[in-house]
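In: Return atomic coordinates for the entry below.
(2 chains)
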Amino acid sequence: MSLEDDLFQQRLRRVHEIEALGFKPYGQRFDFSHTIPQILAAYTDKTAEQLADKPQVRIAARILTIRRMGKAGFMHLQQSGERLQVYVRKDAVSENEYKLYEMLDLGDIVGIDGYLFRTRTGELSVHAEKITFLSKILLNLPEKWHGLEDVEIRYRQRYLDLIANPESQKIFLTRAKIISSLRRQLESHGFIEVETPMMQPVYGGATARPFVTHHNTLDMDLYLRIAPELYLKRLIVGGMDRVYEINRNFRNEGISTQHNPEFTMLEFYQAYTDYHGMMDLSCELLRQAAVDATGSPIVEFQGETLDFSNIRRMTMREAVGDPSLRGHDLVHAFEQRIEPTLIQPTIIYEYPVEVSPLSKNNADDPSFVDRFEIYAAGMEIGNAYTELNDPNEQRRRFELQLKMKEAGDEEAHQMDEDYLRAMSYGMPPTGGEGIGIDRLTMILTNSKSIRDVILFPLLRLEGEIGIAAKLRSEESGVRSQESE
RNA sequence: GGGCGCGUAGCUCAACUGGCAGAGCAACUGACUCUUAAUCAGUAGGUUGUAGGUUCGAUUCCUACCGCGCUCACCA
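Out: Predicted structure coming up:
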């Protein structure tokens, strides 16, 4: 029998031992008085004397370490990636609770009633007076000071990563702060959050290959959206002058450290402004998001110092520095030579019309459009433009895209007649923008791979896991032992 | 999809040129009422990713496959 099976069976037996002591191995509601982060925030700077009145606390968390010394011992509990020590002495808890303490495993979840004090070495700790059992671990936790380093397991079993690596919790906490910062800022500018279809009969708003799915009752093929853009602009036509959406896009393309097939995009549209207005708003949004997420507009990313309080602006032609290049050649030169060098946050504006089917022409040179993208750390993190609101020009752009499609461009835009119809009712001059939340999170959490900022990145199927069989066989093993 | 690299105990890693698969942590037994990588004494734990091949002998060399990473292509 392998070690793991042995351990599994051993712990399953322990479930019965815990029951025999009068505890529930998979416990119930536990009304805690504080979270561990709350206790640390409130009492970290309190001296032993200031804790002399024995502040009473009731906490619930997972056991990360245990140090037993016969008739007393310590353990560290962890909650939301933060740790607090608990001191258990035989004469301070009931006899059964101490027996329970002696059979606890790393990874079990317990509730502790007790009071705060400082140990002889000065560590803030809970002096346990009551132990409640809340949940049993059956598997083995990763090793305690190296944590879990195997990236494949970190991505496949994110729950284990979150237990073993507190930094991982922090990344997703920061991600949440970024999103809530952007929401708060947009709300304060009068933007309304909306939700538009993820399943679309006609896909558009970006150049990408879509995922296809099928609705049975309607017997109709649908595309998972590659962008919400065309629906959001229908709302602008309808008089919702400031709208935004934070949601998933799906693109059926390559996977890399910067690409996941589903990714989160913020898109926002503001009537009666243009791309210069969007530039100013973007700079404000990004600076404040950096401050809200990290405490500063200046962040470290892979050895570089990025300053979001001072975003440079230059045209694509200026960035490339070759006035003879136009159209696709200009974009190609830019992507090849310039994009990877844009480490500091930079706005690149005025794009060729060929790569911008939904943007308004530049008034001085109609072969360019009033569009910009935001780059940082060599990645594109945002894309914005003055929206094309002339339905006949939009029709010509769609027809140009259809020709590109016929010529073999799999990512060229589809014709969207309802979008043209909406625009024919009159769309106000509008500025619109998309910001890639995953990439922004990478930069603000100093993460090298997009998989580090997506809780469950797409991976190939893993082999047989076998846990159901193990649970089943151990269960029958326990039963046969009991009947002996 | 192409190229390169990695896969050894639950975790983190060793194993020289092809020669008896090992350590720390975790686990188990025992001691210990302020430890914190607790300590001390002892015990157990392996289909070396999978399947073939070469060889007296393969963790090691070869082939294919599976998974992951990096990178190029593509893309945001």
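In: from here on, contacts and neighbour counts on C-alpha atoms
Out: Fine.
In: What ranges in chain A fall below the confidence cut-off?
Out: Scanning chain A with the threshold set as pLDDT under 70 gives A:1-5, A:473-484.
In: biggest helix in it, by residue count?
Out: Longest helix of chain A, by residue count under DSSP state H: helix A:166-188.
In: How about it and RNA strand B, any contact?
Out: No - figure legend: helix A:166-188 not in contact with RNA strand B (C-alpha under 7 Å from any atom of the strand); closest approach 14.2 Å.
In: give me every residue that touches A:Ile347.
Out: Taking C-alpha atoms under 8 Å, 6 or more residues apart in numbering, we find A:Ile347 in contact with A:Met279, A:Ile311, A:Arg312, A:Arg313, A:Met314, A:Phe372, A:Glu373, A:Ile374, A:Tyr375.
In: didn't the last one look like it was pressed against A:Thr341?
Out: No - the pair A:Tyr375 and A:Thr341 does not pass the contact test of C-alpha atoms under 8 Å, sitting 9.6 Å apart.
In: Neighbour count for the two, which is higher?
Out: Per other C-alpha atoms under 10 Å, whichever of A:Tyr375 and A:Thr341 has more neighbours is A:Tyr375, with 23 against 14.
In: ok, the more buried one to RNA strand B distance?
Out: With distances taken as C-alpha to the nearest atom of the strand, to the nearest Å, A:Tyr375 is found 8 Å from RNA strand B.
In: TSV for the contacts of A:Ile347, including distance to A:Val202 and secondary structure?
Out: Supplementary listing: the contacts of A:Ile347 in TSV, determined by distance: C-alpha to C-alpha, whole Å; DSSP: H, G, I helix; E, B strand; the rest coil:
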residue	distance to A:Val202	secondary structure
A:Met279	30	helix
A:Ile311	36	coil
A:Arg312	37	strand
A:Arg313	35	strand
A:Met314	35	strand
A:Phe372	26	strand
A:Glu373	25	strand
A:Ile374	28	strand
A:Tyr375	29	strand
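In: When you filter the residues you listed down to buried only, what's left?
Out: Among the contacts of A:Ile347, those buried by neighbour count (16 or more other C-alpha atoms under 10 Å) are A:Met279, A:Ile311, A:Arg313, A:Phe372, A:Glu373, A:Ile374, A:Tyr375.
In: now stretch A:210-230, how far from the centre of its chain.
Out: Centre-to-centre, stretch A:210-230 and its host chain are 24 Å apart (C-alpha atoms, centre = their mean, to the nearest Å).
In: from the buried ones among the contacts of A:Ile347, which is closest to A:Arg14?
Out: Distance to A:Arg14 across the buried ones among the contacts of A:Ile347 (C-alpha to C-alpha) is lowest for A:Tyr375, with 55.4 Å.
In: Could you pull up the contacting residues of the closest one?
Out: Applying C-alpha under 8 Å, 6+ apart, we find A:Tyr375 in contact with A:Glu339, A:Leu342, A:Ile343, A:Gln344, A:Pro345, A:Thr346, A:Ile347, A:Ile348, A:Ile381, A:Gly382.
In: Recalculate using a threshold of 10 Å.
Out: Counting by C-alpha atoms under 10 Å, 6 or more residues apart in numbering, A:Tyr375 touches A:311-312, A:339-348, A:381-383.
In: For it, list each beta-bridge partner.
Out: Beta-bridge partners for A:Tyr375, by DSSP bridges, are A:Thr346, A:Glu380.
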